[in-house]
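K.L.:
quick one, what's the 3D model for this:
(one chain, ligands or ions: 2)
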Amino acid sequence: MEISCNWLVHRHGETAFNEDSINIRVSRMPRIMRTNAWLRVRGATGWARGRWRRRVACARDCKRSPPPSDHALTRRSPSPPRRPTARIMLNMKLKERLALAISAFLVLFTLMLIVDLQMDYGISGHRTPLHGRVKIGDDVDKGGSAYIEFRKRFLQKSNGSNGSREYEPSETSGSADAEPRTPAPPVDKYEDLQKILHDQLLGNIRYHTVIVAPHRDLNVLRPENPTIGEMEDLESSINASHLEKFHLNIAQHELYEEGEPLVDKILKDMITLPILHVEQKEGGTQLKLIIDYPNGIQALFKPMRFARDVQTLPNHFYFSDYERHNAEIAAFHLDRILGFRRTVPVAGRVLNMTTEIYDVTEGDILKTFFVSPANNFCFHGKCSYYCDTGHAICGNPDMLEGSFAAFLPSSDLAERKVWRHPWRRSYHKRRKAQWELQSDYCITVKTTPPYDSGRRLLDLMDMSIFDFLTGNMDRHHYETFKMFGNETFPLHLDQGRAFGKAYHDELSILAPLLQCCLVRHTTLATLLKFHNGKPLSAALRDAMSSDPVSPVLWEPHLAALDRRVIIILNAIRKCIDQSENPNVQELDDMAIAL
Ligand SMILES: Nc1ncnc2c1ncn2[C@@H]1O[C@H](COP(=O)(O)OP(=O)(O)OP(=O)(O)O)[C@@H](O)[C@H]1O
Ligand SMILES: [Mn+2]
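P.N.:
Numbers count the residues shown, from 1 in each chain. Ligands and ions are numbered 1, 2, ... in the order given. Here you go, the predicted structure:
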């Protein structure tokens, strides 16, 4: 079986997948069987070689004299006459019969594969269909989540087939040109949701299964909220930089306080201070530079690669998408506007590549600088993705735009813990993650520390909303500050792959919210405020207008935000419906079946 799989997969040219599957199978066997498995593989090769030699010999001799076995058969004449097919089968040697059987099996298998693709249904159950349609979770919702139900309804109203929706430019409140548009006033004000919030504040609702009231939310209660400075017993000196002061002010429950004046000062520092030194950052997949300013201030630089209106290539997966510097800037402002305050300050700036990069760096990166055929100054650095001449970063002719993210405190001051995101994607073109296959996945997460108590699960709901708004599918890990233990906020770090598709709303990013049906009162209140008041697009546009590289976002991306707020509100409403009428899904399923 291992051999035939090997053959099949190689025919499709998928060596990596093949090696994986073979290794997994072999490594699961007991040691002695593993040896046998390999012997079988080796035996097969020897067998094939022997067969090839015999065929060559046969090509020389067979025509002249029939093989001895044929003579033997002709002598056994008294036996009763057989049907022609049976005779052919008998005349065949064992190995030829074997070969015929294998060929027949392969033809059948290929047919099954074709049928499988047509039906969009994985043969193994764990194999993702090869084309773009994504089947998420079981058909029947086992965990009381609203995911399947919501997706069905969502799709009934849309022309998409993959649990998400594609829009034509004319369909959205924004247009493909860069003209800002004011969206029409909302038809549905979500008064049902507003009423729940109101009742919660009045204390009329003590407990709600979907909306977590402020008096139950540790992010609001904050029984303790020490800062890094307090934990480490450090105070900033008079001549400390804004960034140092900012570091010491980072608290257990937020990166910075609402209205913190240091944030704007840090933005200004990163935009205006001279650049003293530049070095490529180790780790990560795409090129990033560490920028040194005077007074020990540092920033993480991501370069501009494309114009604002260049979207994710249709055939690119989320994990092979390029990073966009402007997504980092926009996500910082969005995080601040939404009141999360979990993203480091990020600003845009245009650099002179000669004096502000080339002249102040050293090492191997220097060897990657060149002048392009269009006479622009370019470099590509060294990294695991897109660091070659074909994907170089080029100035115009030597001026380069980029994002500058304030550096987090060093690990000497505040070590960070890296967590695998429970709803991380598979990062494989055909494999699915567990949450995509299991509709009651949230139950598994909810019962596993640190998601079984405290604020963490609610933080993931916020992150899912934040990422859905920006279209970021690349949330594989997240980080927290170790010194605060588990009861602390997760950083919203790395939004390089956000804002890639302005006309596509990727519903699967909302899976944590839809599978758990849980949201903070405060987060819902913020979304309703933008939906019924000044739209999120307008608030973000205003917030980013003072950035040196403004306009930071292409207008259709801003318009998408208002559209996505509505989708989130609908999702929350669906969750509430489901919690109040747990049998509603069964009824809907019956209705669909009829
Ligand atoms: N502002 C920052 N200050 C200090 N370190 C940072 C900052 N932002 C990111 N990092 C660190 O640098 C690493 C790489 O950053 P980032 O995730 O943005 O790059 P990336 O190339 O997109 O990585 P990946 O490909 O793994 O997603 C992160 O794991 C994080 O620990
Ligand atoms: Mn990244």
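K.L.:
what about the stretch 151-300 of the chain, any weak spots by pLDDT?
P.N.:
Counting by pLDDT under 70, the ranges of the stretch 151-300 of the chain that qualify are 151-163, 168-178.
K.L.:
run the last query once more with 80
P.N.:
Across the stretch 151-300 of the chain, residues meeting the criterion (pLDDT under 80) sit at 151-186, 283-285.
K.L.:
ligand 1 contacts on the stretch 401-550 of the chain?
P.N.:
Applying the criterion C-beta under 6 Å from any ligand atom, the portion of the stretch 401-550 of the chain that neighbours ligand 1 consists of Ala405, Phe407, Leu408, Leu493, Asp494, Gly496. Every C-beta, even on glycine, is put in place using the N, C-alpha and C of the backbone.
K.L.:
can you list those in CSV and add neighbour count and secondary structure?
P.N.:
Putting these into CSV (neighbours: other C-beta atoms under 10 Å; DSSP: H, G, I helix; E, B strand; the rest coil) gives the following:
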residue, neighbour count, secondary structure
Ala405, 25, strand
Phe407, 21, coil
Leu408, 21, coil
Leu493, 20, coil
Asp494, 24, coil
Gly496, 23, coil
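K.L.:
quick check: Glu96 vs ligand 1, distance?
P.N.:
Taking C-beta to the nearest ligand atom, to the nearest Å as the measure, Glu96 falls 53 Å from ligand 1.
K.L.:
check which helix or strand that residue maps to.
P.N.:
Under the criterion of DSSP states H and E, Glu96 resides in helix 94-119.
K.L.:
excluding sequence neighbours, find me the nearest residue to whichever residue of the stretch 401-550 of the chain sits closest to ligand 1.
P.N.:
Nearest to ligand 1, among the residues of the stretch 401-550 of the chain, is Asp494, at 3.4 Å (C-beta to the nearest ligand atom). Once its chain neighbours are removed from consideration, Asp494 has its nearest residue in Asp474; the separation is 7.2 Å (C-beta to C-beta, 6 or more residues apart in numbering).
K.L.:
so the one you found sits in a helix?
P.N.:
No - with DSSP: H, G, I helix; E, B strand; the rest coil as the criterion, Asp474 is assigned coil and is not in a helix.
K.L.:
how many other residues sit next to it?
P.N.:
Close neighbours of Asp474, defined as other C-beta atoms under 10 Å, add up to 21.
K.L.:
cool, and Arg216?
P.N.:
Other residues near Arg216 number 16, with proximity taken as other C-beta under 10 Å.
K.L.:
how about it, nearest residue that isn't a chain neighbour?
P.N.:
The spatially closest residue to Arg216, leaving aside those adjacent along the chain, is Tyr207, at 7.9 Å (C-beta to C-beta, 6+ apart).
K.L.:
now for the residue in the chain positioned nearest to ligand 1: which residues touch it?
P.N.:
Of the chain, the residue with the smallest distance to ligand 1, taken as C-beta to the nearest ligand atom, is Gly284 at 2.6 Å. Contacts for Gly284 were tallied using C-beta atoms under 8 Å, 6 or more residues apart in numbering; they are Cys383.
K.L.:
gap between it and ligand 2?
P.N.:
When C-beta to the ion, to the nearest Å is applied, the distance between Gly284 and ligand 2 equals 6 Å.
K.L.:
helix, strand or coil for that residue?
P.N.:
Using three-state DSSP, the structure places Gly284 in coil.
K.L.:
alongside ligand 2, which residues does the stretch 401-550 of the chain contribute?
P.N.:
Counting by C-beta under 5 Å from the ion, the residues of the stretch 401-550 of the chain close to ligand 2 are Asp494, Gly496.
K.L.:
strands of the stretch 401-550 of the chain, residue ranges please.
P.N.:
Secondary structure of the stretch 401-550 of the chain, counting by DSSP state E, counting those that start in this stretch: strands at 416-420, 477-481, 504-505, 519-520.
K.L.:
which of those is buried the deepest?
P.N.:
Ranked by average neighbour count under the criterion mean count of other C-beta atoms under 10 Å, those are headed by strand 519-520 at a mean of 24.
K.L.:
ok, it: who's next to it in the sheet?
P.N.:
Each strand pairing with strand 519-520, determined using DSSP bridges, is listed with its direction: strand 211-212 (parallel).
K.L.:
neighbouring contacts of the strand it pairs with?
P.N.:
Outside of strand 211-212, the residues within contact range by C-beta under 8 Å, 6+ apart are Ile196, Leu197, Gln200, Leu458, Leu518, Val519, Arg520, His521, Leu524, Ile572, Ile576.
K.L.:
point out where the chain drops to low pLDDT.
P.N.:
Confidence mapping of the chain against pLDDT under 80 gives the ranges 1-94, 97, 101, 104-186, 283-285, 385, 583-594.
K.L.:
Pro535 and Pro185 touch, don't they?
P.N.:
No - between Pro535 and Pro185 there is no contact, the gap being 9.7 Å when judged by C-beta atoms under 8 Å.
K.L.:
which of these two has more neighbours?
P.N.:
Taking Pro535 and Pro185 together and counting by other C-beta under 10 Å, Pro535 has the greater number of neighbours (22 against 8).
K.L.:
contacts only, for the nearest residue to that one once chain neighbours are set aside.
P.N.:
Distance criterion C-beta to C-beta, 6+ apart; nearest residue to Pro535, sequence neighbours excluded, is Asp562 at 4.9 Å. By C-beta under 8 Å, 6+ apart, the residues touching Asp562 are Ser173, Pro183, Phe530, His531, Pro535, Leu536, Ser537.
K.L.:
now with 6 Å?
P.N.:
Taking C-beta atoms under 6 Å, 6 or more residues apart in numbering as the definition of contact, the neighbours of Asp562 are Pro183, Pro535, Leu536, Ser537.
K.L.:
ok, Leu536 next?
P.N.:
Shown in contact with Leu536 (C-beta under 6 Å, 6+ apart): Phe530, Leu561, Asp562, Val565.
K.L.:
tell me how many other residues crowd the first one.
P.N.:
Read that as Phe530. Phe530 is flanked by 19 other residues according to other C-beta under 10 Å.
K.L.:
what's the helix or strand for the closest residue to Cys383 other than its chain neighbours?
P.N.:
Among residues not flanking Cys383 along the chain, Leu287 sits closest, at 5.0 Å (C-beta to C-beta, 6+ apart). Leu287 belongs to no helix or strand when elements are defined using DSSP H and E.
K.L.:
next, count neighbours for Leu287.
P.N.:
Neighbour count of Leu287, defined by other C-beta under 10 Å: 26.
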